[in-house]
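**Q** Predicted model and sequence follow; I will ask about them next.
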Amino acid sequence: MMCKVLIFGCIAAVILMTASYGAPLTTEPPPTQEAQLLRAAIMDLEQLKNFKNNFLDFYTPNDTGECNRTTLECFLRELEVLKEDVGQEDQRHIINIKKNLDYFKAGNSSDLTCKMCESNEKKKFSEFYQALNRFLQSMLK
């Protein structure tokens, strides 16, 4: 009898320790890899928010929905242009954004119904930044 009490006591202790140290207390599913990559890209983009650039214009896509991959590629190309004109700290943020978003470029993106990057309107950095931020937020949803 004493052995059973001891065994059940040990099992109860293990269950309590597991609940307090290893088991999540929320029922929310963990974020997916895609969501983690997008959040990381948005955080790096936030670091570029106050960048001042009045001499460069950026092709700024405004397509939504079915042309996500083409839109993403356009934004990434323009970020490559921006990378050449920023300081080393900002270059690291741009490199991180590109690394995180390269995951979403997989596959063939030659959709004939989507606009070419060069057919998008040229805008200053602040408008480009806002459009990219909106686009990433829409991908996150």
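**A** The structure has been received and is ready for your questions. Numbers count the residues shown, from 1 in each chain.

**Q** Please tell me how far whichever strand or helix holds Ala41 is from the chain's geometric centre.
**A** Here Ala41, judged by DSSP states H and E, is contained in helix 33-46. Centre-to-centre, helix 33-46 and its host chain are 3 Å apart (C-alpha atoms, centre = their mean, to the nearest Å).

**Q** got it, and stretch 117-128?
**A** In terms of C-alpha atoms, centre = their mean, the centre of stretch 117-128 is found 20 Å from the chain centre.

**Q** Quick one: the strands in this protein, in order.
**A** Secondary structure of the chain, counting by DSSP state E: strands at 58-59, 122-123.

**Q** and Ala40, how many neighbours?
**A** Look at Ala40: counted by other C-beta atoms under 10 Å, it has 15 neighbours. (C-beta placed from N, C-alpha, C; glycine too.)

**Q** for the one 3 residues further on, same thing?
**A** A count of nearby residues for Met43, using other C-beta under 10 Å, gives 13.
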